[in-house]
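>>> Fold the following for me, if possible:
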Amino acid sequence: MTDAALLVRALRDPSGLPLETDWIALLTIARAEQLIGTLAHRLAGLPMPEVVAAALHDARASAEAGRRAALWEAEMARRVLAPIGCRVVLLKGTAFVAAGLSAGQGRAIGDLDILVPRSALPAVEAALLAGGWEWVKPDPYDDAYYRDHMHELPPLIHRDRDRMIDVHHTILPLTARITPDAAALLGDARDLGNGLYTLAPADMIVHAAAHLLADGDLAGGLRNLWDVHCLIEEFGTDGLDNRARSHGLGVQVRQVARLAHQLFGTAIPTDWTRPTLGDRLIRRRVLARDGWGRPTRPATRLAFYVRSHWLRMPPAMLARHLWIKARRGAPASGSARRNDQ
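Predicted structure coming up:
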């Protein structure tokens, strides 16, 4: 049965892709994993059927439009937040394209994710509301859940541009068992020269590992691992282990680097490469797509969904939260509303 390993092979060795490839399955899986723009960039100029070339040409154009829109949204946020005087650190896809990194080539970008000091949240929130953003989650329980337990404000959307912004003050929920050093993330951020910042390279990898292995249910895991592959290939691993340990994420960073190595051939230190049973389970989860782009292996996906909530909350709090959400017929957490960008 076809699974997302087909996409992995195409990304890892595009020149080795045979003409008799199941192109429909490849493109469908890539779209489902939000990697179609990345795939289009990787396959540019290689022989393929004309209809596939046309589809990938459109994907490259769409990714370029998304890049411009993401940078414009970042600039709009910068203008609104400039009077506050705090560092505004771009995260994830917007950070990659703003810094001109290889991880940003063809990357799908949805929400604008930023990191600001927790002490600045009231001023940031007020400035965004005055600048045209509105709450996505007006429900009192959801609002309190975000403010009391999460690593970000409740999501906002701009009333005119219909673009979301997630305002983070750290990279893991406050209830998580791991507490990264938010002050270090902000203090060591890199100035882009336009009033905006990105995380330091090592911290970008730490953030990807935190999101994939210490918080999320591995939805969108292939795109996340491709980010890690690109970041390590561009910046290397010197100092990464120590930085990860300082954030309490040493195990997670080694594992995410090892998974990128297993799937994409990422160059990592030899002593990081020994596989574990956990690696095998994660690979099973992130490759769970059929040739129509549909998710497969429901038991595996459910297990990782439950695991993601277990990592976020102590047992008593988790039980109460799931009970409330079940009674209301709502998703179990705000971060389950979509795959982070």
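>>> in this structure, what secondary structure element scores lowest on mean pLDDT?
helix 315-328 (a mean of 59; mean pLDDT, DSSP states H and E).
>>> Quick one: mean pLDDT over the longest helix that the chain contains.
Ranked by number of residues, the top helix in the chain under DSSP state H is helix 50-81. When pLDDT is averaged along helix 50-81, the result is 97.
>>> got the buried residues for it?
Neighbour-count burial for helix 50-81, with 16 or more other C-beta atoms under 10 Å as criterion, is recorded at 52-53, 55-56, 59-60, 63, 66-67, 70-71, 73-74, 76-78, 80-81. The C-beta positions use only the backbone N, C-alpha and C, and glycine is treated the same way.
>>> Tell me the helices and strands packed up against that helix.
helix 23-32, helix 36-43, helix 92-98, strand 112-115, helix 121-130 (3 or more C-beta pairs under 8 Å, 6 or more residues apart in numbering; DSSP states H and E).
>>> Columns distance to V306 on top of these, output as CSV?
Output for the helices and strands packed on helix 50-81, formatted as CSV (distance: least, C-beta to C-beta, whole Å):
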stretch, distance to V306
helix 23-32, 22
helix 36-43, 30
helix 92-98, 25
strand 112-115, 25
helix 121-130, 30
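>>> Now tabulate the ones you listed in TSV and tack on mean pLDDT.
TSV is the format used below for these (pLDDT from 0 to 100):
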stretch	mean pLDDT
helix 23-32	96
helix 36-43	98
helix 92-98	97
strand 112-115	98
helix 121-130	97
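>>> so which strand or helix has V167?
strand 164-168 (DSSP states H and E).
>>> who's in contact with that strand?
The contact list for strand 164-168 (C-beta atoms under 8 Å, 6 or more residues apart in numbering) reads 73, 77, 91, 110-116, 121, 124-125, 128, 133, 136, 151-153, 155-158, 340.
>>> among those, which ones are buried?
Listed as buried from the contacts of strand 164-168 are 73, 77, 91, 110-116, 121, 124-125, 128, 133, 151-153, 155-156, 158, 340; burial here means 16+ other C-beta under 10 Å.
>>> starting at the chain centroid, how far to the longest helix of the chain?
17 Å (C-alpha atoms, centre = their mean, to the nearest Å).
>>> I'd like the next helix or strand past it.
strand 89-90.
>>> Direction included, what does that next one pair up with?
Using DSSP bridges, the strands paired with strand 89-90 are strand 112-115 (antiparallel), strand 197-198 (parallel).
>>> Give me the contact list for the first one.
Right, the one you point to is strand 112-115. With contacts defined as C-beta under 8 Å, 6+ apart, strand 112-115 is touched by 70, 73-74, 77, 88-92, 94, 163-171, 182, 185-186, 189, 199, 340-341.
>>> Kindly recompute the last result at 7 Å.
The set of residues that contact strand 112-115 without belonging to it, under C-beta atoms under 7 Å, 6 or more residues apart in numbering, is 70, 73-74, 77, 88-92, 94, 163-168, 185-186, 341.
>>> what do you get for the last one?
Contacts to strand 197-198, defined as C-beta under 7 Å, 6+ apart, come from residues R87, V88, V89, L90, A95, A98, A99, A189, R190, D191, L192.
>>> Could you dump these into JSON lines and include neighbour count and distance to H211?
JSON lines is the format used below for the contacts of strand 197-198 (neighbours: other C-beta atoms under 10 Å; distance: C-beta to C-beta, whole Å):
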{"residue": "R87", "neighbour count": "19", "distance to H211": "20"}
{"residue": "V88", "neighbour count": "23", "distance to H211": "19"}
{"residue": "V89", "neighbour count": "23", "distance to H211": "15"}
{"residue": "L90", "neighbour count": "26", "distance to H211": "15"}
{"residue": "A95", "neighbour count": "28", "distance to H211": "13"}
{"residue": "A98", "neighbour count": "20", "distance to H211": "18"}
{"residue": "A99", "neighbour count": "18", "distance to H211": "18"}
{"residue": "A189", "neighbour count": "20", "distance to H211": "17"}
{"residue": "R190", "neighbour count": "16", "distance to H211": "19"}
{"residue": "D191", "neighbour count": "10", "distance to H211": "24"}
{"residue": "L192", "neighbour count": "17", "distance to H211": "22"}
